[in-house]
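1. Got a sequence here, can you model it:
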Amino acid sequence: MNNEMKNVRLVKVDTKNFDALIDLEVNEEQKNYVASNIYSLAEAYATKSEGRFALPLGIYDGETPVGFLMIGYDYPDFCDGEAPEYQKNSYLIWRFMIDKNYQRKGYGRAAMQQALELVRSFPCGESKYCWISYEPENEAARKLYASFGFVEDPEHYVEGEEMPAVMKL
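-> A predicted model of the protein is given here:
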């Protein structure tokens, strides 16, 4: 990590920072790749109200919000039919975005590293797997996730849906 990235940190979403995180956006051509942050925060709230785990986090460079991510746990219900084993009792990088003004500066790599360190601390209990999914045409996401060890699972890919990718913890 270069000196420019030494201040990248993950911050829990709270009443003091959610407005700034809601304002973050991807480029116009990327808007079909990820849900808006306001939708993600609503989804996290609804998920928590059901007694399930959702951890929305701001990605910060010092005091500046540059992105958003959300971690989930035990989401086999994202799959039509029988869920693959890696989706049961496992961690999910549910959302991951870097604001259009901060892309291609290393923030995504730094934030993913920290997200995976958090997952490996097993906040919901030990697990063998972490998985993520993304639009198949999103080459930047595919390359970034593969560089961390996520392997695509074409067997459980459904045409028109996101490509799942899994890594062993």
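2. for the helix or strand containing Lys143, which positions count as buried?
-> The secondary structure element spanning Lys143 is helix 139-147 (assigned by DSSP states H and E). Within helix 139-147, the residues scored as buried using 16 or more other CB atoms under 10 Å are Ala141, Arg142, Leu144, Tyr145. Backbone N, C-alpha and C define where each C-beta goes, glycine included.
3. was I right about the second one contacting Tyr134?
-> Yes - using CB atoms under 8 Å as the test, Arg142 is close enough to Tyr134 to be in contact (6.7 Å).
4. Name the residues contacting each of these two.
-> Residues touching both Arg142 and Tyr134 (CB atoms under 8 Å, 6 or more residues apart in numbering): Met163, Ala165.
5. immediately after the longest strand anywhere in the chain, which helix or strand?
-> Within the chain, and with DSSP state E defining each element, the longest strand by residue count is strand 64-73. Downstream of strand 64-73, the first helix or strand assigned by DSSP H and E is strand 91-98.
6. just for this protein, where's the confidence low?
-> 1-6, 76-81 (pLDDT under 70).
7. Quick one: the helices in it, in order.
-> 18-22, 37-49, 107-119, 139-147 (DSSP state H).
8. how far away is Tyr157 from Lys16?
-> Tyr157 is 39 Å from Lys16, where distance means CB to CB, to the nearest Å.
9. who has more neighbours, the two?
-> Taking neighbours as other CB atoms under 10 Å, Tyr157 and Lys16 compare with Tyr157 leading, 15 against 8.
10. Could you double-check that that one sits in contact with Ala165?
-> No - using CB under 8 Å as the test, Tyr157 is too far from Ala165 to be in contact (9.8 Å).
11. quick revisit: can the helices of the chain go into a markdown table with extra columns for distance to Glu161?
-> As requested, the helices of the chain are arranged in a markdown table below (distance: least, CB to CB, whole Å):
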| stretch | distance to Glu161 |
| --- | --- |
| helix 18-22 | 26 |
| helix 37-49 | 17 |
| helix 107-119 | 22 |
| helix 139-147 | 15 |
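12. looking at these, which is buried most?
-> Using mean count of other CB atoms under 10 Å, the stretch among those with the largest mean neighbour count is helix 107-119, at a mean of 19.
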